[in-house]
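**Student:** Next comes the sequence, and after it the predicted model I'd like to discuss.
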There are 4 protein chains.
Amino acid sequence: MNKPLSSFDQFRNKIYKIIYKSDTVSGRLFDLILLGVILFSVILIMLETVQGFNQKYHEQLIVFEWIVTVLFTIEYLLRIICINKPFRYIFNFYGIIDLLAILPMYLSRIFPGTNVFVIVRALRLLRLFKILHIPQINSQYLQLINALKASKGKIIVFIYFVLVCTIIIGSLMYLIEGKEGGFTSIPVSIYWTIVTLTTVGYGDISPITPLGQFVASLVMILGYGIIAVPTGIVTAEFAKNTLKNSVHTHKNPCPNCGLIEHPDDSKFCYQCGATLSPK
Amino acid sequence: MNKPLSSFDQFRNKIYKIIYKSDTVSGRLFDLILLGVILFSVILIMLETVQGFNQKYHEQLIVFEWIVTVLFTIEYLLRIICINKPFRYIFNFYGIIDLLAILPMYLSRIFPGTNVFVIVRALRLLRLFKILHIPQINSQYLQLINALKASKGKIIVFIYFVLVCTIIIGSLMYLIEGKEGGFTSIPVSIYWTIVTLTTVGYGDISPITPLGQFVASLVMILGYGIIAVPTGIVTAEFAKNTLKNSVHTHKNPCPNCGLIEHPDDSKFCYQCGATLSPK
Amino acid sequence: MNKPLSSFDQFRNKIYKIIYKSDTVSGRLFDLILLGVILFSVILIMLETVQGFNQKYHEQLIVFEWIVTVLFTIEYLLRIICINKPFRYIFNFYGIIDLLAILPMYLSRIFPGTNVFVIVRALRLLRLFKILHIPQINSQYLQLINALKASKGKIIVFIYFVLVCTIIIGSLMYLIEGKEGGFTSIPVSIYWTIVTLTTVGYGDISPITPLGQFVASLVMILGYGIIAVPTGIVTAEFAKNTLKNSVHTHKNPCPNCGLIEHPDDSKFCYQCGATLSPK
Amino acid sequence: MNKPLSSFDQFRNKIYKIIYKSDTVSGRLFDLILLGVILFSVILIMLETVQGFNQKYHEQLIVFEWIVTVLFTIEYLLRIICINKPFRYIFNFYGIIDLLAILPMYLSRIFPGTNVFVIVRALRLLRLFKILHIPQINSQYLQLINALKASKGKIIVFIYFVLVCTIIIGSLMYLIEGKEGGFTSIPVSIYWTIVTLTTVGYGDISPITPLGQFVASLVMILGYGIIAVPTGIVTAEFAKNTLKNSVHTHKNPCPNCGLIEHPDDSKFCYQCGATLSPK
């Protein structure tokens, strides 16, 4: 029925399998190499911002950056060529990210001196999330996501509650501490409250009046206590998923093979098939 | 039977449904708009305390503040008019909050220069908790509250225990560290202990003697460990609620077959059907 | 059979019930008053250490301190008089604490200028733990203690593991950071490791070399992660205790009353006693 | 069959039992003494790094260090002599550690002034993990390890997710805050993000712009929330192990009665006794 594929179509098919699938050896290899190049490009961006390093190795960094950009460009073009509905990919979330990962370098050539574009390259990082679509990892990832989704409603209510508390406590601390302690405005006080409630505690702002320290102590104990709430919510969901695949047992030794634990309302030993004495 | 409603009564009925119920489209819309206005008024109060912003836009802030106050006043009056037992609302918690949200602006007119009243406006924030009474949110909220209520007893004992530990450790650190490290009095030492035990760790006060640092290390490990206790208590309650396919039992031996554990509010033995003696 | 009790014995009996039991009205009242006096005396000790306050109200503090001491002395003597085996009380943990709570004031009279004794008064705090023996509180307290006892073995192994990690990381950071960053010796580095691993994070010592900051990041993520371990251990114990009083159910609507959920292997509806259709 | 053991073989056997086994009184005593000597040697290394202490007691420290080294050398030789396959021990992890624990002192004799070797002594610490092989402790340890192993997959995905978030947030904060707030480069910003996300919060770097503080607040709430995830994962595993009276099931419909869920390694249906098809 199918017309014999042209050699270009055969090439497209092959490339498609390597790039978009990860169930072949070459597909996996491609994924691994891509991951490596992304990580390398991310490290490049980081190092560029380290003053001393950038001054010393500026030229090498630029060279490597161009190599990475060219590699990404080839990958981008191949992705467009080998897919059947290229626009679907181009306007897809990852498609846009892939484009934004290469565009800035070319634009910086055209409009020299525009550093703004260069920063956009950092969006390459989002490509790292692609790894979550590899089947083995995906199943673990979905379990995590499902447990979080199941507890979404409760967690939103909890965060709302915490935020309102945060605003109230922040306003209160602004009244109590005033400007000496660093509580210069209500937004700053709210910032301090979040820093304290989440037990981060920078110490850039900290209460100095006895009353302020007393209220701060209450906030800390509150923060220490309410962390139990999101933990409890999420844990209960995980526990439900983990315990799902289990049945309750009772002790009723098998007269034939001696196996002691049997599922509730067993009539036969699940190991040897012997009839169990009724409970 | 009912007398035909006067047009005023019809109006009251309509307003009542919009304001107090959220099961109609207009009722939900009202809730949303009100939430928006409250949030806007809270942001106004915050911005007023930001020095630079207040100086620049002081007049605009005052104008917006008056707009919000007038809106809240209209809402307050409508709430009183359309309800059947207005005093029940007026002296209710949210009724008082609603009044305190508008009063300060009028009082600041009558007694100019009294900033104290203005601060009271921050109580508007408490109106944000009203959202918890919207049915969809309420069910999630009640699950949270019930799990917390069920673990109340254990949590109070835990907090008592922690507070006594805090006082003991605080006194000890006052003796060990003395005034150089910032441990100027036992209350300040207790404040430090709470800061450390809850893992907030500002660093405004921190031990400098080797012995003090050793005791501090023990306090940190203690604090790190005992967070497991409230988390465990609350999680167990959540898990109970989440693992739905189970019923609570009590001990009430069946007079016929002797089965001891029966689901709560059992009237008959689920094994032999005999009538159980009431609890 | 019993000889009629002398009026002194009757008095002793009455006092005994008030002091040692809390199931009568006067017994509870005594417990409450005692708790109040202990708290008051603890607050006195705290205030004495607050420089400004002590200078201003030194004489009043001394007077109140003597009042409290005399009250405690009376209580101590009554406890000895009314109990049958006084030595059992005197050499008991709480008996020694009770003595140490009053002795320092008398000794400071005899040997003036000896502040050391005065500090011992802080041991009064330990009397606050007595509240845990009040029946209502005791049951909650025992549940907490039992869950912790059941997880003792695992927690000790966990703490041992953490401590060894702490020493290894501390030694490593001492090598990496050296003295500039504040890592002046291995014990200090270990102190820093504990501060970081428990997420307290004072900031009095913090890494400044890139490698040090990298290792510190790993330590933080480790600390963030391993808090899951004690929490998991304790929570599992709590869950076991909480879930104990529940049986598994299955859906099998009662043909008579319609109740849907029934315990596994139910033969009769536990609400109306009707025979259930077998599963 | 066995030739009578020579007295040397008898001695070897005895030593072997003492050193490698801990089920005899002398075996346990040896373990305890060894643990003591290791701890003592670790404390020696620590104290050497405490400037003041080292200057005062340098000679004593050296003497004790040599005593410990000689004791460890004797132990090392005995371990090699009494075991049947000495090379298996020598090239084993603990064998190498045992050698590294004694070598540096001898090397520092041969090549004087080389402090590098001395630091290697700190590896002695790893010997402390040997305690985990004592049977009583081992069972607790294995339970911990198994629960962690079972949750390995999810935890790796979680850490990957957190790390990518960390890099994204770090880059963002570098753009927002710039160099004044201490965010001098992306790696430093990432370090700050980890410090904040894990709620450590040193305060050596903290945002100063309003927008930076706003983003920081979101990061803190995120960090506060996501700690629930590893805790939930690990707790669910512990709970499964603790709720012992349950067996794991898999889906394998019975060909006779159609019951779907069967305990793992079932061979017969526990309801009707029919033979199940192998998994």
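**Tutor:** Great, that's in hand. Everything numeric in this text was worked out from a predicted model, so none of it was measured. Numbering: from 1, shown residues only, chains lettered A, B, ... in the order given.
**Student:** From now on I want contacts and neighbour counts done on CA atoms only, so please keep to that.
**Tutor:** Fine.
**Student:** Can you name the residues that contact whichever residue of the stretch 1-150 of chain A sits closest to chain C?
**Tutor:** Residue nearest to chain C within the stretch 1-150 of chain A: A:V50 (10.8 Å; Cα to the nearest Cα). Taking Cα atoms under 8 Å, 6 or more residues apart in numbering or on different chains as the contact definition, A:V50 lies against D:184-187.
**Student:** Can you tell me which of those comes closest to C:T235?
**Tutor:** Among these, D:P187 lies closest to C:T235 (Cα to Cα), at 36.9 Å.
**Student:** Model confidence score at the closest one, please.
**Tutor:** Looking at D:P187, its pLDDT is 90.
**Student:** so how far is C:R121 from A:K56?
**Tutor:** 65 Å (Cα to Cα, to the nearest Å).
**Student:** who's more crowded, these two?
**Tutor:** The neighbour count for A:K56 versus C:R121, taken as other Cα atoms under 10 Å in any protein chain shown, is higher for C:R121 (22 against 10).
**Student:** wait, doesn't the more buried one sit right on C:I102?
**Tutor:** Yes: C:R121 lies in contact with C:I102 (Cα atoms under 8 Å); the separation is 7.1 Å.
**Student:** Could you name every residue contacting both of the two?
**Tutor:** In contact with both C:R121 and C:I102: no residue, using Cα under 8 Å, 6+ apart.
**Student:** in the stretch 51-200 of chain A, which spans are helices?
**Tutor:** Secondary structure of the stretch 51-200 of chain A (DSSP state H, counting those that start in this stretch): helices located at A:51-82, A:86-90, A:93-110, A:115-120, A:135-150, A:152-177, A:186-197.
**Student:** Check which helices and strands the longest one is in contact with.
**Tutor:** Okay, so that is helix A:51-82. Judged by 3 or more Cα pairs under 8 Å, 6 or more residues apart in numbering or on different chains; DSSP states H and E, helix A:51-82 is in contact with helix A:7-20, helix A:25-49, helix A:86-90, helix A:93-110.
**Student:** what does the second one give?
**Tutor:** Contact partners of helix A:86-90 among helices and strands, from 3+ Cα pairs under 8 Å, 6+ apart: helix A:51-82.
**Student:** could you redo the last one with a cut-off of 10 Å?
**Tutor:** Contacts defined by 3 or more Cα pairs under 10 Å, 6 or more residues apart in numbering or on different chains; DSSP states H and E place helix A:86-90 against helix A:51-82, helix A:93-110.
**Student:** Show me what counts as buried in the first one.
**Tutor:** Residues A:54, A:61, A:65, A:68-69, A:72-73, A:76, A:79-80, A:82 are the ones in helix A:51-82 that count as buried (16 or more other Cα atoms under 10 Å in any protein chain shown).
**Student:** In terms of distance to chain D, which of the residues you listed ranks first?
**Tutor:** For the buried residues of helix A:51-82, the closest approach to chain D (Cα to the nearest Cα) belongs to A:N54, at 10.6 Å.
**Student:** and the closest residue to the closest one other than its chain neighbours, what is it in contact with?
**Tutor:** Leaving out its chain neighbours, the residue that sits closest to A:N54 by Cα to Cα, 6 or more residues apart in numbering or on different chains is A:E48, at 5.1 Å. Contact analysis of A:E48 by Cα atoms under 10 Å, 6 or more residues apart in numbering or on different chains lists A:54-55, A:57-58, A:61-62, D:185-186.
**Student:** what do you get for A:A216?
**Tutor:** Contacts of A:A216 (Cα under 10 Å, 6+ apart): A:169, A:173, A:192-193, A:196-197, A:206-207, A:210, A:222, B:191, B:194-195.
**Student:** Distance check, it against chain D.
**Tutor:** Counting by Cα to the nearest Cα, to the nearest Å, the gap from A:A216 to chain D is 16 Å.
**Student:** Helix, strand or coil: sort out that residue for me.
**Tutor:** When classified by DSSP: H, G, I helix; E, B strand; the rest coil, A:A216 comes out as helix.
**Student:** Report how many residues lie close to A:G182.
**Tutor:** By other Cα under 10 Å, neighbour count at A:G182 equals 17.
**Student:** Now it: closest residue in space that isn't a chain neighbour?
**Tutor:** With Cα to Cα, 6+ apart, the residue lying closest to A:G182 is A:I205, at 5.4 Å.
**Student:** so can I have CSV of the buried residues of helix A:51-82 showing pLDDT and distance to C:L144?
**Tutor:** Listed next are these as CSV, based on pLDDT from 0 to 100; distance: Cα to Cα, whole Å:
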residue, pLDDT, distance to C:L144
A:N54, 84, 57
A:L61, 88, 59
A:E65, 88, 59
A:V68, 91, 58
A:T69, 90, 60
A:F72, 91, 58
A:T73, 92, 61
A:Y76, 91, 59
A:R79, 89, 59
A:I80, 89, 62
A:C82, 86, 63
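**Student:** what secondary structure does the residue nearest to A:G182 sit in?
**Tutor:** Here A:I205 is coil, with the state taken from three-state DSSP.
**Student:** And it, its phi and psi?
**Tutor:** The phi and psi values for A:I205, taken as degrees, to the nearest 10, are phi -120, psi 130.
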